[in-house]
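1. Next comes the sequence, and after it the predicted model I'd like to discuss.
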Amino acid sequence: MLARTGGLGDLERLTHQLAHPAAPAGTVIPADAWRDDEALYLQFDLPGMDRSTIELTTEQHALTLTAERPSPIPADARAVLTERPTGRFTRRLALSDALDTAAAEAAYDNGVLTLRIPLAAHAKPRKIAVSGGAPKQLTA
């Protein structure tokens, strides 16, 4: 349920965003996303990040995630090997207006942030009752 622009559908757009991140290699926050009839679910890998550094914001149909992982190497020490990225990380995704971002919920457990954003009432599938009898004239 990411925002639509152009010819790509929601799934194709999400796949493209996940496969072609805007940030340099090694600094991307990996993510998975799926949806059902009730909500969109996003999971982000944030290993080694303290929950207090995680910020989620929504504004004008965009989700922004920022988190920080400090360097474990003391300032007065000499680094011998540094392969794990440190610093501030940001991930931004466009969201569809079919989502109720005001009712979003997030949980952080074992280095994985899980976000649930319910579908807005107008976007949920619903059945239309079919009545019997003579056809009525529909007014425009």
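-> Yep, that arrived. Residues are numbered from 1 along each chain as shown.
2. Where does pLDDT dip in the chain?
-> Low-confidence segments of the chain (pLDDT under 70): 1-27, 139-140.
3. Swap in 80 and give it another go.
-> The chain contains residues with pLDDT under 80 at 1-27, 123-125, 133-140.
4. tell me the centre residue of it?
-> residue 42 (4.7 Å; Cα atoms, centre = their mean).
5. for this structure, what spans make up the strands?
-> All strands of the chain, identified by DSSP state E, fall at 31-35, 39-45, 55-59, 62-69, 87-94, 105-109, 112-118.
6. now those strands in TSV, with distance to residue 127?
-> In short, each C-beta sits where N, CA and C put it, glycine included. TSV is the format used below for the strands of the chain (distance: least, Cβ to Cβ, whole Å):
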stretch	distance to residue 127
strand 31-35	19
strand 39-45	19
strand 55-59	30
strand 62-69	31
strand 87-94	30
strand 105-109	27
strand 112-118	19
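7. Does the residue nearest to the centre of the chain touch residue 33 like I think?
-> Yes: applying Cβ atoms under 8 Å, one finds residue 42 in contact with residue 33, separated by 4.9 Å.
8. Okay, residue 57 and residue 81: tell me how far apart.
-> Residue 57 is 35 Å from residue 81, where distance means Cβ to Cβ, to the nearest Å.
9. out of the two, which sits in the more crowded spot?
-> Ranked by neighbour count (other Cβ atoms under 10 Å), residue 57 and residue 81 place residue 57 first, with 11 against 6.
10. Run through the residues that contact the more buried one.
-> 63-64 (Cβ atoms under 8 Å, 6 or more residues apart in numbering).
11. how far away is it from residue 41?
-> 18 Å.
12. is it true that residue 30 touches residue 47?
-> No: counting by Cβ under 8 Å, residue 30 stays clear of residue 47, with 9.8 Å between them.
13. Between these two, tell me which one has more neighbours.
-> Each of residue 30 and residue 47 has its neighbours counted (other Cβ under 10 Å); residue 30 has more, 13 against 10.
14. so who does the more buried one touch?
-> Applying Cβ under 8 Å, 6+ apart, we find residue 30 in contact with 44-45.
15. run the last query once more with 7 Å
-> For residue 30, the contact set (Cβ atoms under 7 Å, 6 or more residues apart in numbering) comprises residue 45.
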